[in-house]
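In: this one's sequence-less:
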Ligand SMILES: Cc1cc2nc3c(=O)[nH]c(=O)nc-3n(C[C@H](O)[C@H](O)[C@H](O)COP(=O)(O)OP(=O)(O)OC[C@H]3O[C@@H](n4cnc5c(N)ncnc54)[C@H](O)[C@@H]3O)c2cc1C
Ligand code: FES
Ligand code: FES
């Protein structure tokens, strides 16, 4: 396997290829890029610290991976390498027609000022990408990070629970449009892999991203643990941070990032979970994937997961 070094990061937003590099600062979050650079202002924000859900977009982080709800106020835009991001505009809009989730919220009076609405919809859309028919309880639990200040939660849940497997009202005429594979017509919650031309070459070679950011910090994205130590050998370990979900800066605000930022989310070795007599969870496991692990393990008898 060959190793190449890149000084830009590529990803897609609503199917459009985007590329960022040294014009980006260590403080530039995905929400800023979406709203200011792409002028897609449908994605809202309020707290900018993962507490309100207004900024949620859906991101598929690898070939064929279903979308995950992502708080775009947390994620550095340079973390988005190879992501397929869908914003509320990509889901449906006035020109191309609205998505069934958007129609359902509107028809059921589940929005007033509308500031929170894109976040609810993208959160629900992401849940349905991962779980074709969630239960009403699962839907309710998945919304722990979404806040609405004016409509009230009852109409929102009432509308969205129509998509639940145990809902008395899951007979929406358009429900198939949520799940049907466009190629085969068979129920499927994954993306078609031929969307992934961005990735096919990279999958065959090891890529290290190294970007000198606008504010003179250096951003790395690595794929192996050894790469981290190689970087520290060169850069020194006086001023660096590993970046994963980038959420610790909420309880412990970072006024200025260290000189070296190393994105560790691409390190597969850190995403493994194994059981001996304990469940050992890799340090790179996302909360979304961890829930899947708990769900799976809890079927096996000796473990139980208390919701
Ligand atoms: C809305 C919200 C609510 C929260 N509530 C709670 C709470 O109730 N209780 C609580 O304890 N915390 C809470 N937190 C904090 C949260 O638990 C931590 O932010 C989170 O666990 C950090 O994970 P991360 O992937 O985002 O790490 P990051 O923020 O990316 O990194 C955090 C630190 O860990 C280091 N690091 C990252 N990956 C690795 C790795 N693989 N190996 C070694 N070091 C690594 C980084 O260098 C950095 O110093 C909350 C955060 C938010 C945003
Ligand atoms: S702006 Fe509130 S969660 Fe992102
Ligand atoms: S509709 Fe106004 S905050 Fe939810």
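Out: Good, I have the coordinates. Fair warning: this is a prediction, and the values are worked out from it, not measured in the lab. Ligands and ions are numbered 1, 2, ... in the order given.
In: buried ones in stretch 14-27?
Out: Of all the residues in stretch 14-27, those buried under the rule 16 or more other C-beta atoms under 10 Å are 14, 18, 20, 21, 24, 25, 26. (Each C-beta comes from the backbone N, C-alpha and C, glycine too.)
In: Turn those residues into JSON lines, including distance to residue 133 and secondary structure.
Out: Output for the buried residues of stretch 14-27, formatted as JSON lines (distance: C-beta to C-beta, whole Å; DSSP: H, G, I helix; E, B strand; the rest coil):
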{"residue": "14", "distance to residue 133": "26", "secondary structure": "coil"}
{"residue": "18", "distance to residue 133": "33", "secondary structure": "strand"}
{"residue": "20", "distance to residue 133": "37", "secondary structure": "strand"}
{"residue": "21", "distance to residue 133": "42", "secondary structure": "coil"}
{"residue": "24", "distance to residue 133": "40", "secondary structure": "coil"}
{"residue": "25", "distance to residue 133": "43", "secondary structure": "coil"}
{"residue": "26", "distance to residue 133": "41", "secondary structure": "coil"}
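In: Please, where are all the helices along the stretch 51-200 of the chain?
Out: Using DSSP state H, counting those that start in this stretch, the helices of the stretch 51-200 of the chain run over 88-91, 100-107, 117-130, 136-142, 153-160, 176-179, 197-200.
In: okay, and for the stretch 101-250 of the chain, where does confidence drop off?
Out: 170-204 (pLDDT under 70).
In: can you list the residues of it near ligand 1?
Out: Proximity of the stretch 101-250 of the chain to ligand 1 (C-beta under 6 Å from any ligand atom) is limited to residues 241, 242, 243, 244, 245, 246, 247, 248, 250.
In: Restricted to buried residues, select these in ChimeraX.
Out: Entered in ChimeraX, the line below selects the buried ones among these, by 16+ other C-beta under 10 Å:
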select :241,242,243,244,245,246,250
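In: which one is residue 285 nearest to, not counting chain neighbours?
Out: Closest residue in space to residue 285, ignoring its immediate chain neighbours: residue 271 at 5.7 Å, by C-beta to C-beta, 6 or more residues apart in numbering.
In: separation between the one you found and residue 244?
Out: 11 Å (C-beta to C-beta, to the nearest Å).
In: any common contacting residues for the two?
Out: Here residue 271 and residue 244 have residue 284 as joint contacts, going by C-beta atoms under 8 Å, 6 or more residues apart in numbering.
In: quick one, what contacts the closest residue to ligand 1 within the stretch 151-300 of the chain?
Out: Relative to ligand 1, the nearest point of the stretch 151-300 of the chain is residue 245 (2.7 Å; C-beta to the nearest ligand atom). Residue 245 is in contact with 74, 286, 287, counting by C-beta under 8 Å, 6+ apart.
In: is it true that the first one touches residue 243?
Out: The one in question is residue 74. No: with contact defined as C-beta atoms under 8 Å, residue 74 does not reach residue 243; the gap is 10.5 Å.
In: Next, the contact list for the closest residue to residue 142 other than its chain neighbours, please.
Out: Spatial nearest neighbour of residue 142, chain neighbours left out: residue 127 (4.8 Å); criterion: C-beta to C-beta, 6+ apart. Going by C-beta under 8 Å, 6+ apart, residue 127 touches 69, 134, 138, 139, 142.
In: Make CSV from those residues and add distance to ligand 2 and neighbour count to it.
Out: Output for the contacts of residue 127, formatted as CSV (distance: C-beta to the nearest ligand atom, whole Å; neighbours: other C-beta atoms under 10 Å):
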residue, distance to ligand 2, neighbour count
69, 10, 23
134, 21, 22
138, 21, 17
139, 19, 22
142, 15, 21
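In: Need these in JSON lines (columns: distance to ligand 3).
Out: Below are the contacts of residue 127 laid out as JSON lines (distance: C-beta to the nearest ligand atom, whole Å):
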{"residue": "69", "distance to ligand 3": "17"}
{"residue": "134", "distance to ligand 3": "22"}
{"residue": "138", "distance to ligand 3": "22"}
{"residue": "139", "distance to ligand 3": "17"}
{"residue": "142", "distance to ligand 3": "17"}
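In: Bridge partners for the most centrally placed residue in the chain, pull those for me.
Out: Geometric centre of the chain, nearest residue: residue 70, 3.3 Å, by C-alpha atoms, centre = their mean. Following DSSP bridges, residue 70 is listed with bridge partners residue 57.
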